[in-house]
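A.B. asks: sequence first, then the predicted structure:
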Amino acid sequence: MTTNAEQSSPSYGVRAPKYRLPDATHVGRVRLQVADLDRSIAYYETVIGFRVISRADGLAKLGPMGPDRVLLELHEKPGVRTVARRGHIGLYHFAILLPDRASLGRFVAHLAELGQYAGMSDHLVSEAVYLTDPDGLGIEVYADRPRSTWRIAADQLAMTSDPLDVPNLVAAAGGEKWEGAPPGTVIGHVHLYVRDLDNASAFYHSGLGLDKIVWGYPGALFMSAGGYHHHLGTNTWAAGAPLATPDDARLIEWEVVVPEASDVSAAAKSLESAGFDVTRDGATATARDPWGIQLRLVTPEFAG
């Protein structure tokens, strides 16, 4: 097991001030509340390229092609409200990371064949496509550029939102057709609407133990473990929006996956020492940020 003292220290960002999550930390499954399970399954199969791994009693578990690996849970609650265009304090988007640029090129060509509208951006560290599901919940599908190409500016990673070179990206597909989200697809990060970046930092940076990676992006703060560009994004672009409620389509919970049970315990204790409530459930632990957004700390055997 890698201890905090043994972890790598990237040449950018701001280390968590006390406890620091292990470098191998990553995002696990995402749980969403939706109005119509059949409608949502059809979208995530047809547009996103996930497959249903299991379904029962208003709950569907989905993942990419290949071995069973649950990345997304859809929890049906008929009658919940579609997310307003401005959003709710809660989910901005969850982000599906494809294993390579060629896969993203195939995905973009697939969207064009479907006539599916998508936003597109070049973030320097990654290339990304943005969609909205039938309940108004945000999705990013992206591919990372090699870390060797990431640039540092003023002690933080350089990130921006430039136009995406779509023809060049599609050419990277080599003419191959999209056959669904390929094996190796994971949830790369989660991005949240919050009301205040200082309070977001208090919970996720000082409490949970994520490093600050980018803080110069207007109205946003990006944090991660192990020097990644971000496992978590927070922004105040909808600061005046209402909190998501149980009557809204919403993010129910997202997972932070750490290597060992001792890491779950250490992160939980760090959150508690920062003044936040933590609920332990066997080898997992849950906590809510200042806006009630729930995260679950788990080890790999309890993740997707």
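C.D. replies: Good, I have the coordinates.

A.B. asks: right, and residue 132 touches residue 118 too?
C.D. replies: No. No contact is recorded between residue 132 and residue 118 when judged using Cβ atoms under 8 Å, the distance being 9.1 Å. From N, CA and C alone the C-beta is placed, and that goes for glycine too.

A.B. asks: in a strand, residue 272, correct?
C.D. replies: No. The assignment for residue 272 is helix, going by DSSP: H, G, I helix; E, B strand; the rest coil, so no strand is present there.

A.B. asks: separation between it and residue 227?
C.D. replies: Look at residue 272 and residue 227: by Cβ to Cβ, to the nearest Å, they are 26 Å apart.

A.B. asks: over to residue 111?
C.D. replies: For residue 111, the distance to residue 227 under the criterion Cβ to Cβ works out to 31 Å.

A.B. asks: next one: stretch 267-287 to chain centre, how far?
C.D. replies: Remark: stretch 267-287 is offset 20 Å from the chain centroid, using Cα atoms, centre = their mean, to the nearest Å.

A.B. asks: in that stretch, what counts as buried?
C.D. replies: Applying a neighbour-count criterion of 16 or more other Cβ atoms under 10 Å, the buried positions in stretch 267-287 are 267-268, 270-271, 274, 276, 278, 284-287.

A.B. asks: contacts for it, please.
C.D. replies: 18-19, 21, 202-203, 206-209, 253, 256, 258, 261, 264-265, 288-289, 294-299, 302 (Cβ atoms under 8 Å, 6 or more residues apart in numbering).

A.B. asks: ditto for stretch 67-85
C.D. replies: Applying Cβ under 8 Å, 6+ apart, the set of residues contacting stretch 67-85 from outside is 29-37, 40-41, 44, 50, 53, 58-64, 94, 96, 134-137, 183, 185-187, 241, 244, 246-250, 252, 304.

A.B. asks: out of these, name the ones that lie in strands.
C.D. replies: With strands taken from DSSP state E, the overlap with those comprises 29-34, 53, 59-63, 94, 96, 186-187, 250, 252.

A.B. asks: filter those residues down to the buried ones.
C.D. replies: 29-34, 53, 60-63, 94, 96, 186-187, 250, 252.
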